[in-house]
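Student: Next comes the sequence, and after it the predicted model I'd like to discuss.
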Amino acid sequence: MNNSVIRVGIVEDETLMRSMLESTLAAEPGIQVVHSVPGVAEAKLVFTPGSVDIALLDVHLPDGNGVSLGVRMQHDDPNLAIMLLSSEDVMGLFTSVQKEAPRPWSYLSKRSSFARDVLVRAIITTAQGQTVIDPYLVQRSEPRYGSAVADLTPAQFGVLRLVAEGLSNQATAEQLGINTRSVESHLKSIYQRLGIDGDGSNRRVAAVLAFIEQTGRQWRT
Amino acid sequence: MADIADPPVSDRGGSFLTRALWNPQRIWVLFSGLNILILSVMGLTHWAGWGGWEYAQGPGIHDRFFEVMVLLGKHLGYGALVVGICALARPLTWRLPQRLLLFSGVSILLAYPRALLMELGRTTPYGGGYRYAEWILGASAGIVALTIGNLVSSLVQRVQLEASLRRTASQRAAKAIHDLQTEEIRIRRMVSDQLHGTLQFRLVTVAAELDGIATRITPNESTVSVAAELRALSDRIEEIRELDVRSLSHSMLPSGVDLGTVPAIQSILSRVPADVATSLTLGPTCQRLMDEYQPPMPMAERLVIIYAVEEAVSNALRHGHATSLKVYFELHLTNDPNRRVAEVVVDDNGTGVPETGVFEYSGLSRHLERLEARDGTLNLISSPGGGARLRIELPVTYES
């Protein structure tokens, strides 16, 4: 990745959505849209290894599937960060590729993509090697009965939620109104309870993966 | 799919002998020859019964043996000539009357020299009466042998024809089903794409616009509730999109089905409410094949399995009130490298299997029909851990 500029490639078939993404990101300093195409066929032509830092892929494309395309692109370029965009909750699909991916993926719903700050933060965090899950879906997520995540305390689950949204420790602390050390302490306990080993960045990604796998979303109460 | 045609002989299976005799001409030769042999043995029996064996008694056993061999040779030699000459004329290509005429002509013609040769025997009678009687008998035996051979050959030909017609009909039916399925999947995909691409996205944009308006409203006492109402409305649109539109879209084409069976099952389980424990376990062969990036199973079979799993999950939650769902998925290898058997087991801890009307009650009957149409099985039994267990087996042929 270029130190100063994040190069973004977009694969989105909805013209309106593609234009919105292009214009939002073009106005953002430090982000440059280098490719913007409507389908898999065009993406295969222009996305050469090393040409972009992060690919924004719509899951449902007229000539294929954004998940399969992402797997293929990351196979050719393991340094490429992938962020899926979808109109609907595709957390189940997201889980199936996340474990095998050489670099963690992120997932943003199209609704959240309309919020500039959410979109930009997700792109920057994903390009830095973290996983970001759509904040709207994260807030609707509840621990799945019988899972390790269900054994977390409400405070720990609150921290994990914000980590899943891609927030840094400091941003998490600010959001929760606690200090950074408390967040670090919560994270340590979360890793322990979820049985996560490894270094800092990998543990964070593994915790988000556990969050995706071990939560469900409640849509109608 | 390849054009429908009779498989080549080498593809018809069976032993080498079976394949070698598949030709009706060979069957005719075989049965005609067999008849000649039977008639020859019968002739010898009569000869022995009428005193030939006694008359043949000489200084040693060799005289009798020699006489038997000579007589047998005359019978068989005549038979071999009759069958051989007719076979050269390829009688099965002739119409039946001409065929019978050929059999009769050749038999009558060759039966006379045979009768003459019979007279030369040491133990056989001779004279005009015997010669003509032996001529008529020999000719009749030849005609009967060849006609019975022809009858057997015709029956075999008819059986072959019927088997071929059945095979062709079955291939046509399979092709028709395949074409129908392809068309059904195409239409499902088209409708699903419309729902995903157009309707869902429009609802997303409306929800996002409402969010935007709510954000732009300057907060004061009178506008706070309006902004909250707009956000609530946006959430309701999101719910309608995520639940109702998605459910419609999913019924057209399940989410993740393009990626493979496992992602689609994961997607189904991820949608299960959070107060239900879920797990998906892959069998060792399935895991290995996925690690090797083997191509997913054909779409038609994939859909059959995914819909059945979805029904099982839905039943467990709706009727069984389960709080735990465990799915096991495995692919069993067979002797044919392109053929595997998919096994899916869905266990729940719900109220268990109803005693009567299991399939009607659970709505599984249509899935059972789909599976049985592909030589698959579906069983709903009690789960070892309480609740119900749905077990599916489906043979799957992969493209080589």
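Tutor: The structure has been received and is ready for your questions.

Student: can you pull out the helices in the stretch 101-250 of chain B?
Tutor: B:128-194, B:201-216, B:221-239, B:246-252 (DSSP state H, counting those that start in this stretch).

Student: If you could redo that for chain A, that was the one I meant.
Tutor: In chain A, the helices defined using DSSP state H lie at A:15-26, A:40-46, A:66-76, A:91-98, A:110-113, A:116-127, A:135-140, A:154-164, A:169-176, A:180-194, A:200-213.

Student: if you look at the first one, does any of it touch chain B?
Tutor: Yes: counting by C-beta under 8 Å from any C-beta of the partner chain, contacts between helix A:15-26 and chain B involve A:16-17. (Each C-beta comes from the backbone N, C-alpha and C, glycine too.)

Student: helices and strands around that helix, which ones?
Tutor: strand A:6-11, strand A:31-37, helix A:110-113, helix A:116-127, helix B:201-216 (3 or more C-beta pairs under 8 Å, 6 or more residues apart in numbering or on different chains; DSSP states H and E).

Student: Which one of the helices of the stretch 101-250 of chain B lies nearest to chain A?
Tutor: helix B:201-216 (3.7 Å; C-beta to the nearest C-beta).

Student: Give me the buried positions along that closest one.
Tutor: B:201-208, B:210-211, B:214 (16 or more other C-beta atoms under 10 Å in any protein chain shown).

Student: What about the residue of the stretch 51-200 of chain B found nearest chain A, how many residues nearby?
Tutor: Chain A sits closest to B:Gln200 of the stretch 51-200 of chain B, with a gap of 3.9 Å, by C-beta to the nearest C-beta. Using other C-beta atoms under 10 Å in any protein chain shown, B:Gln200 has 22 neighbouring residues.

Student: ok, back up a step: in CSV, list the helices of the stretch 101-250 of chain B along with distance to A:Tyr191.
Tutor: CSV is the format used below for the helices of the stretch 101-250 of chain B (distance: least, C-beta to C-beta, whole Å):
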stretch, distance to A:Tyr191
helix B:128-194, 40
helix B:201-216, 34
helix B:221-239, 32
helix B:246-252, 34
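
Student: and the stretch 51-200 of chain B, which of its residues are near chain A?
Tutor: Counting by C-beta under 8 Å from any C-beta, the stretch 51-200 of chain B sits next to chain A at B:193, B:196-197, B:200.

Student: Adding pLDDT and distance to B:Gln157, write those residues out as a markdown table.
Tutor: A markdown table is the format used below for these (pLDDT from 0 to 100; distance: C-beta to C-beta, whole Å):
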| residue | pLDDT | distance to B:Gln157 |
| --- | --- | --- |
| B:Asp193 | 76 | 53 |
| B:His196 | 72 | 57 |
| B:Gly197 | 71 | 58 |
| B:Gln200 | 80 | 62 |
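
Student: just to revisit the earlier point, and which of the buried residues of helix B:201-216 is nearest to B:Arg389?
Tutor: Checking the buried residues of helix B:201-216 against B:Arg389 by C-beta to C-beta gives B:Leu203 as the nearest, at 38.8 Å.

Student: what's the distance between that closest one and A:Val118?
Tutor: 19 Å (C-beta to C-beta, to the nearest Å).

Student: Kindly tell me how buried the closest residue to B:Thr123 other than its chain neighbours is, as a neighbour count.
Tutor: Of all residues not flanking B:Thr123 in the chain, B:Tyr55 sits nearest, at 4.2 Å (C-beta to C-beta, 6 or more residues apart in numbering or on different chains). B:Tyr55: 15 surrounding residues under other C-beta under 10 Å.

Student: thought B:Tyr55 was touching B:Leu71?
Tutor: No: the pair B:Tyr55 / B:Leu71 is not scored as a contact, 12.0 Å apart, by C-beta atoms under 8 Å.
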